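Undergrad: Here you go, sequence then predicted model.
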Amino acid sequence: MHGIYLVTDQTLCLGRPLASIVADAVRAGIACVQLREKTASTRKFLNQALALKPVLASAGIPLIINDRVDIALAAGADGVHLGQSDMPYDAARRLMGSNAIIGLSVETWADVEAAQNLDVAYLGVSPVFATPTKTDTRSPWGLDGLARIRAYSRHSLVAIGGLNAANAKEIIRAGADAVAVVSAICSAEDPFTAARNLVHCFDSSTDKET
Ligand SMILES: Cc1ncc(COP(=O)(O)OP(=O)(O)O)c(N)n1
Ligand SMILES: Cc1ncsc1CCOP(=O)(O)O
Ligand SMILES: [Mg+2]
């Protein structure tokens, strides 16, 4: 996983349709979309996934479903993002198959160590900074925690929590392979420009390293 990773939240889209925010972000060059619907009904969640799938597939961008393996399978999504209280990795892998993208949140050092034996596509370093978007979290990792995970883990790292164009560069410098955002795009006055700024930040930071 590499680039800007949009995690959606319909409730933070300021009344705008989720599909238009995702379309803007895709046009701006983001790398991945996670459909995260914590309050929607199963049917609404599935319909959102089915609506996004062809748009993302034609842009070559993977669709990841948060929490729900059943929705991921029903929608033909590319993968699922699992937290430490969600379906265990092994069960999700059996259901989703060997080609599915499975991401896993790490909230503690024990989670990071346990993930070393799992064939996950990436670790969601969660949260890097405290954020009002998700308050039921463990202590933030901070930049030092992110750097410590980078030094130890064999996995690709997706940083999440309180990230935006102002701090994306230091996040990448600390070792993130991808920068995941909710409010920085979903709640932006102009989601296209916000996403494009994040993509530019990411591209210019990674250019400097090569
Ligand atoms: C990329 C990414 N990283 C972490 C999370 C958080 O997942 P989880 O801990 O399961 O919390 P919820 O998102 O389900 O509230 C994530 N969604 N995406
Ligand atoms: C889903 C999630 N997981 C850890 S923090 C978070 C929310 C991040 O939201 P924001 O980018 O608005 O801080
Ligand atoms: Mg979860």
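TA: Done, it's in. Ligands and ions are numbered 1, 2, ... in the order given.

Undergrad: Only C-alpha atoms from now on, for both contacts and neighbour counts.
TA: OK.

Undergrad: interface residues of this structure facing ligand 2?
TA: With C-alpha under 6 Å from any ligand atom as the criterion, the chain comes near ligand 2 at residues 126-127, 131, 133-134, 160-163, 181-184.

Undergrad: Just the buried residues of these.
TA: Buried members of the residues of the chain next to ligand 2, counted by 16 or more other C-alpha atoms under 10 Å: 126-127, 131, 160-163, 181-184.

Undergrad: from those, which ones fall inside strands?
TA: Mapping these onto strands (DSSP state E) picks out 160, 181.

Undergrad: so who does A180 touch?
TA: If you count contacts by C-alpha atoms under 8 Å, 6 or more residues apart in numbering, A180 has them with 4-7, 158-161, 163.

Undergrad: Doesn't A147 belong to a strand?
TA: No. Assigned with DSSP: H, G, I helix; E, B strand; the rest coil, A147 falls outside any strand and is helix.

Undergrad: Could you report the separation of it from ligand 3?
TA: Distance of A147 to ligand 3, given as C-alpha to the ion, to the nearest Å: 23 Å.

Undergrad: That residue - how many residues pack around it?
TA: Number of residues near A147 (other C-alpha atoms under 10 Å) recorded here: 17.

Undergrad: what's the neighbour count on the closest residue to it other than its chain neighbours?
TA: Spatial nearest neighbour of A147, chain neighbours left out: A174 (4.9 Å); criterion: C-alpha to C-alpha, 6 or more residues apart in numbering. Per other C-alpha under 10 Å, the neighbour tally for A174 reads 20.

Undergrad: Now do the phi/psi pair for A174.
TA: When quoted as degrees, to the nearest 10, the phi and psi of A174 stand at phi -80, psi -10.
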